[in-house]
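# Predicted coordinates and the sequence they were generated for:
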Amino acid sequence: MQKLILAISILLISSSAVAQYPLRKNVLIINQVGLSHRIYALITEEIQSRLTGNQDYQIEFYSDSLDSMTLTDEASQRDIQIRLANKYRNLKLDAIVAIGPDPIRFLSGSSTLFPDIPIVFCGGIRELVGQNKLDSRFTGSWLKLEPAKTIEAALSLLPETKHVIVVGGTSDFDRALITLTREGLRSCKAKLDFTYLTDLEMNSLLERLRRLPDHTIVLYTSFFRDAAGIQFVNATKALPLIAEASNAPVFGMSDTYMGHGIVGGYVLSYAEQGKIAARILSELLGAKKPQDIPIVTGPSFYLFDWKELQRWGLKESNLPTGSTVLYREPTLWERAKWILLTGLLVILILTSLTGYLLFKQKQLRLAREAQSQLSGMLINAQETERTRLASELHDDFSQRLAILAIDLETAAEMIPQSPQEAKLQLHGLLNSASEIGADLHTLSRRLHPSTLENLGLVPGVSALCKEFAAQQSMQVDFSHKNIPRSVPPEAALCLFRIVQEGLRNSKKHSRASNAQVGLEMVGDRLHVSVCDQGVGFNLKELLNKDGLGVRSMGERARLLGGRFEIYSEPQKGTRIDAWVPIQPRTGTEVP
């Protein structure tokens, strides 16, 4: 019983440990040549980058390469089969990736090697693999070589082309690719002269390319070996030498050639081969069978090198529809647009700020000028009022009081002689004294409305309207609504003076025969309006003349944090509106 419990515990612990780690998958990648060749490196990089981050399993990649020179007879193939079988005998492989025609041909002809392991092939052209039949282990993607489309693209850029130089190496792969290219160019033979430079040493080839006739283009196929048997890394060593030596534009048929000297063409996409292989591998490692995954043909694309187009003076507008241009150097605008836009934004901000400051400076200057002008007008008005009061006191009240004193002295002298007559004269003098008192009271009220302090805003404005109507022989209608019983003195005085000045304007400038005065509470503000239907006046002309009354009304409202507006046009009457907070700004004094 204890042994059974122990076994179950070990099983549970083992299961838990396994559950904590993703399953391991082993994938063998067999290249035609080493990873120094860009084709095979590109496909391998795509596969590894797309499958390394898988969360369901951990993939361990193994890599081997077949040099096509070692697969020339049955003995050498058997040797490679034995070597691979021994090398991976103790490793459980989950899938194999065959990159290039030789690995595909080798594995398809070795049914006893890795017999039950799924094989994903890519990077090979079906015609280069030969007649080998692919069994149920195989799935993947083929490439389709279409050299005629590259020539057509070249002719769209260089329509005056007459000669095409086809360049290739002497390895088995080079020769097979040349044969396939020759067959694909049959449709172009009628309109172009083709020359194949495929059996030359590299130096001789470069010399020939330096002396090509006018109206010539070069079509590069592949160059793994020259006629002297010297090996080359196709895309990164041989192609740059050939492209630099050629005095004519070089076109190619592989995306791995881009950036190494070709103008471009309708290229085989080895990058897409890697993506397709990674997708198929993912499905196989997810327990899908090879026969359930259809074999596909990978896409080709029109790709062109912007630098080579510029080098040969070729117009981008003449490229085939759907072309992609690589390595485009950014224009001056593209390189500096953010700097320029940032600088422009800073300039606009500074310009706006400068304009705002100049505007505020002008407003401040105008306000100071207006304040200075208003101060001068107020001083002049004050002096004028003082002169008027002094004249009135001297010419009117002083003389009346002097006459009253003389009459009192005369009445005093008459008392002993004629008491009855003196009594009558004293009654007349009493009436004169009362008139003087009433006139002084009126003068005092004009200087400061005591009614506001004693009775409040509404009675004070009402009394003002009645008094003005009686004195100026005009009808004044007064109305009020929701005015509180208690109004702060400074607000009450401000509204009182606005009504007082507004009625004066109605009589003096608008020459109205009637006016309407209204008081109401709007929110937290007191609103006063003075309207008439008189002839009106030109407000600008009034302000330009002196405008002290209008300015004083506006200044009174502004000092209390309120707002003042006046509307008047000739023959359209006048309307004055002012809004003053019920609680004016503290520390303000309104005269």
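Now that the structure is in, tell me what you want to look at.
# Next up, the contacts around Gly274.
Each residue near Gly274 by CB atoms under 8 Å, 6 or more residues apart in numbering is listed here: Leu42, Ile43, Thr44, Glu45, Glu46, Ile47, Arg50, Cys122. For every residue, glycine as well, the C-beta is placed using N, CA and C.
# Assumed it was part of a helix.
Yes. With DSSP: H, G, I helix; E, B strand; the rest coil as the criterion, Gly274 is part of a helix.
# what about the nearest residue to it once chain neighbours are set aside, neighbour count?
Leaving out its chain neighbours, the residue that sits closest to Gly274 by CB to CB, 6 or more residues apart in numbering is Glu46, at 2.5 Å. The number of residues packed near Glu46 is 20, by other CB atoms under 10 Å.
# Now Glu46: which helix or strand?
Per DSSP states H and E, Glu46 falls inside helix 38-51.
# what's the distance between that helix and the middle of its chain?
Here the centre of helix 38-51 is set off from its chain's centre by 38 Å, with CA atoms, centre = their mean, to the nearest Å.
# how about that helix: buried residues?
For helix 38-51, burial by neighbour count (16 or more other CB atoms under 10 Å) applies to Arg38, Ile39, Tyr40, Ala41, Leu42, Ile43, Thr44, Glu46, Ile47, Gln48, Arg50, Leu51.
# For the residues you listed, work out which two are farthest apart.
Pairwise distances across those peak at 20.5 Å for Arg38 and Leu51 (criterion: CB to CB).
# Please list all residues in contact with the closest residue in space to Phe304 that isn't next to it in sequence.
Ranked by CB to CB, 6+ apart and with sequence neighbours excluded, the top spatial neighbour of Phe304 is Gly264, at 3.2 Å. If you count contacts by CB under 8 Å, 6+ apart, Gly264 has them with Ala153, Phe251, Gly252, Met258, Tyr302, Leu303, Phe304, Asp305, Glu308, Leu309, Ser323.
# what's the answer for Trp142, then?
Going by CB under 8 Å, 6+ apart, Trp142 touches Gly124, Ile125, Arg126, Ile295, Val296, Thr297, Gly298.
# Show me which of these are buried.
Buried members of the contacts of Trp142, scored by 16+ other CB under 10 Å, are Gly124, Ile125, Gly298.
# Out of those, which sit inside helices?
Among these, none falls in helices (DSSP state H).
# now, among the contacts of Gly274, which is nearest to Met414?
Arg50 (135.3 Å).
# Not counting sequence-adjacent ones, nearest residue to that closest one?
Ala278 (3.8 Å).
# Report pLDDT for the one you found.
Predicted confidence (pLDDT) for Ala278: 95.
# Look up how far Thr331 lies from Trp338.
Distance, Trp338 to Thr331, using CB to CB, to the nearest Å: 13 Å.
# just Leu185 next, same as before
For Leu185 relative to Thr331 (CB to CB), the value is 37 Å.
# When those two are compared, which one has more neighbours?
Neighbour totals were compared for Leu185 and Thr331, and Leu185 leads with 18 against 9 (other CB under 10 Å).
# State whether that one and Glu152 are indeed in contact, as I suppose.
No. With contacts counted by CB atoms under 8 Å, Leu185 stays clear of Glu152, the gap being 10.8 Å.
# ok so, going back, got the contacts of Gly264 as TSV, with secondary structure and neighbour count columns?
Formatted as TSV, the contacts of Gly264 follow (DSSP: H, G, I helix; E, B strand; the rest coil; neighbours: other CB atoms under 10 Å):
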residue	secondary structure	neighbour count
Ala153	helix	23
Phe251	strand	26
Gly252	strand	30
Met258	coil	22
Tyr302	strand	18
Leu303	strand	22
Phe304	strand	26
Asp305	strand	21
Glu308	helix	21
Leu309	helix	21
Ser323	coil	16
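# picking up where we left off before, for the residue nearest to Gly274, which residues are in contact?
Taking CB under 8 Å, 6+ apart, we find Glu46 in contact with Ala271, Gln273, Gly274, Lys275, Ala277, Ala278.
# Next: Phe537.
By CB under 8 Å, 6+ apart, the residues touching Phe537 are His509, Ser510, Ser568, Pro570, Thr574.
# Next one: the closest residue to the last one other than its chain neighbours, what pLDDT does it get?
Spatial nearest neighbour of Thr574, excluding adjacent residues (CB to CB, 6+ apart): Ser568 at 3.9 Å. Taken from the predicted model, the pLDDT recorded for Ser568 is 85.
# How about the one 4 residues further on?
Lys572 carries a pLDDT value of 84.
# That one contacts Asn538, doesn't it?
No. Contact status for Lys572 versus Asn538: not in contact, 11.0 Å apart, counting by CB under 8 Å.
# As a check, name the ranges of all strands in the stretch 51-200 of the chain.
57-65, 95-99, 119-125, 138-143, 163-167, 193-197 (DSSP state E, counting those that start in this stretch).
# Relative to Phe468, which of those is closest?
Across the strands of the stretch 51-200 of the chain, Phe468 has its closest neighbour in strand 57-65 (101.7 Å, CB to CB).
# tell me which residues in that closest one are buried?
Residues Tyr57, Ile59, Ser63, Asp64, Ser65 are the ones in strand 57-65 that count as buried (16+ other CB under 10 Å).
# Closest to Ile178 out of the residues you listed?
When these are ranked by distance to Ile178 (CB to CB), Ser65 comes first, at 22.9 Å.
# what sits against that closest one?
Ile30, Asn31, Gln32, Val33, Gly34, Leu35, Tyr40 are the contacts of Ser65 under CB under 8 Å, 6+ apart.
# hmm, try it at 10 Å
Ser65 is in contact with 29-37, 40, 99-100, 102-103, counting by CB atoms under 10 Å, 6 or more residues apart in numbering.
# Name the member of the residues you listed with the most neighbours.
Result: Ile99 is most packed of those (other CB under 10 Å), 32 neighbours.
# Spatially, which residue comes closest to that one, not counting chain neighbours?
Nearest to Ile99 is Gly123, by CB to CB, 6+ apart, at 4.4 Å.
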